[in-house]
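Enquirer: sequence-free structure coming up:
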């Protein structure tokens, strides 16, 4: 079917869908809504909400759920159960109940969260409830127009390559969107029958108890904290694990709201998202600002240093956490102790880990690959997971979850800040001590938005260009690593990484969750000024290619 054929078919589905589509007059937008189906990327199913095969809506959620249900039934004998949760985004609760009804219609028992919870809580719950799989309705830190559908295995790890591939095959077999809900009863009927069971308090409390086991420093401190959940799910669990510390909750951003009215984008990687929290911190004389994204798997921080606040990158926070955790747990480390990071994460934290005697493993981008490593370590017993992190503000300490966890990260960051403050230092001082020992690392990310079908085609052509000519663009290249054919034991991935003679590197990859091509930079130099100058020189070359 052409995109226009699909458009005309969807006009017959229901009145709400028809009304929305009839308001779309731009042919390019119609094409973008129907030229493809949403596909699983590094973060599962994710897209702009609206009517269309390339949008998040009740039909695409239903199709993904029906295909997933059939896949789970194909590989499991006996009883099958699924845990489902959602964040604070628009339509998240509706999508949760859509998925729950489809699962129940297939004879799969559903444990459905009755209130919003963070991603790591859902990851934890799949194992806590001995479920076959889990589903989280979320679009993480994306703008308010987005929503998504993350799928987890029985261990609480997002579906990796093989599971995702097999599930997609079942999903793609479903062609008739309009018939997905024809055999479904109402949610109320399934609740009465016990096919859907509402959950919340017991599971959330059990999760918090597991997080608190990861505490490493609980000495008294006069550290003052400002925390913002950015209208998301973090408020109750984060405040619970920070109990006993001096925490000010930012009133203007404490309530869940999928419109995210006080920020342009609820992304703690973006300085603007923490602006109001920093203002409050200045007003009350706080030492540190924490901001978690809507599904509370990422956390960003700003640290008072002198009269101003310094925002930390994910690489900087990760390196500090590695140093802090390993210092606090030095006596517990063994030859099996392992740090896991992604291929686009700075080497600084890895080098700290190596100095403490840890093994270091790399994964592709996407925390699901770190979770998969934890599963493998449990199976073989040959390694022990200590900490995993990625440059995009995601960290995990402990194995209670198999996804990044901003709840445990917030607790440990505040304990780390208290530890430094009791020494008369800030986290900025701590980072400078690390630079003095390991060298200066300047890490940066450029994201170029290229929307629609034309944008997708340009992204692919840019990757071809970088493969064909990238080695001629920069001086001092030592090695080019192309992950498209698979490197070591890593799955194939559309990523290029250029390693320089001095240990600096850049990496180029299309985003798995947004219409973007991303360029990662890691510049190593003893001089900050030289590193900044070199970074700008390389960024200028990159921009001239992508923005041409």
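Expert: Nice, I can see it. None of these values were measured; they are calculated from a predicted model.

Enquirer: Count the residues that sit near residue 405.
Expert: Residue 405 has 32 neighbouring residues, counting by other C-beta atoms under 10 Å. Placement of C-beta: from N, CA and C, glycine included.

Enquirer: Pretty sure it sits against residue 399.
Expert: No. Using C-beta atoms under 8 Å, residue 405 is not in contact with residue 399; the gap is 10.6 Å.

Enquirer: my guess is residue 247 contacts residue 239, does it?
Expert: Yes. Counting by C-beta under 8 Å, residue 247 does reach residue 239; the two are 6.5 Å apart.

Enquirer: quick one: contacts for residue 514?
Expert: The neighbours of residue 514, taking C-beta atoms under 8 Å, 6 or more residues apart in numbering as the test, are 46, 142, 447, 449.

Enquirer: do the same with residue 313
Expert: Residues counted as contacts of residue 313 (C-beta under 8 Å, 6+ apart) are 391, 443.

Enquirer: And it, how far from residue 521?
Expert: According to C-beta to C-beta, to the nearest Å, residue 313 and residue 521 sit 11 Å apart.

Enquirer: Mind listing the shared neighbours of the two?
Expert: Shared contacts of residue 313 and residue 521, counting by C-beta under 8 Å, 6+ apart, come down to residue 443.

Enquirer: would residue 412 count as being in a strand?
Expert: No. Secondary structure of residue 412 (DSSP: H, G, I helix; E, B strand; the rest coil): helix, not part of a strand.

Enquirer: Could you give the number of residues near it?
Expert: Residue 412, neighbours per other C-beta under 10 Å, totals 27.

Enquirer: pretty sure it is touching residue 397, no?
Expert: Yes. Taking C-beta under 8 Å as the definition, residue 412 is a contact partner of residue 397 at 6.0 Å.

Enquirer: overlap in contacts of these two?
Expert: Counting by C-beta under 8 Å, 6+ apart, the residues touching both residue 412 and residue 397 are 214, 321, 325.

Enquirer: Any stretches of this protein with poor pLDDT?
Expert: Applying pLDDT under 70 to the chain flags residues 40-44.

Enquirer: Show me what counts as buried in stretch 404-422.
Expert: Buried residues in stretch 404-422, counted by 16 or more other C-beta atoms under 10 Å: 404-421.

Enquirer: Just the residues you listed: which are in helices?
Expert: Judged by DSSP state H, the subset of the buried residues of stretch 404-422 located in helices is 406-421.

Enquirer: list residues touching both of residue 247 and residue 239?
Expert: residue 227.

Enquirer: element containing residue 302?
Expert: Element membership for residue 302 (DSSP states H and E) is strand 299-305.

Enquirer: Run through who's touching that strand.
Expert: Residues contacting strand 299-305 (C-beta under 8 Å, 6+ apart): 268-269, 273-274, 277-278, 281, 286-293, 309-312, 314, 317, 393, 395, 406, 409-410, 413, 417, 426-429.

Enquirer: any idea how far residue 273 is from residue 225?
Expert: 17 Å.

Enquirer: Quick check, residue 496 in contact with residue 509.
Expert: Yes. When contacts are counted by C-beta under 8 Å, residue 496 is listed as touching residue 509 (7.4 Å).

Enquirer: quick one, which of those two is more surrounded?
Expert: Using other C-beta under 10 Å as the criterion, residue 496 and residue 509 rank with residue 509 on top: 23 against 18.

Enquirer: I'd like the next helix or strand past the strand or helix carrying the more buried one.
Expert: Using DSSP H and E, the element containing residue 509 is strand 505-510. Downstream of strand 505-510, the next assigned helix or strand under DSSP H and E is strand 516-525.

Enquirer: other SSEs contacting that following strand?
Expert: Applying 3 or more C-beta pairs under 8 Å, 6 or more residues apart in numbering; DSSP states H and E, one finds that strand 516-525 makes contact with strand 440-449, helix 452-469, strand 505-510, helix 528-546.

Enquirer: Could you list every helix and strand that the last one packs against?
Expert: Where contact means 3+ C-beta pairs under 8 Å, 6+ apart, helix 528-546 is packed against strand 440-449, helix 452-469, strand 516-525.
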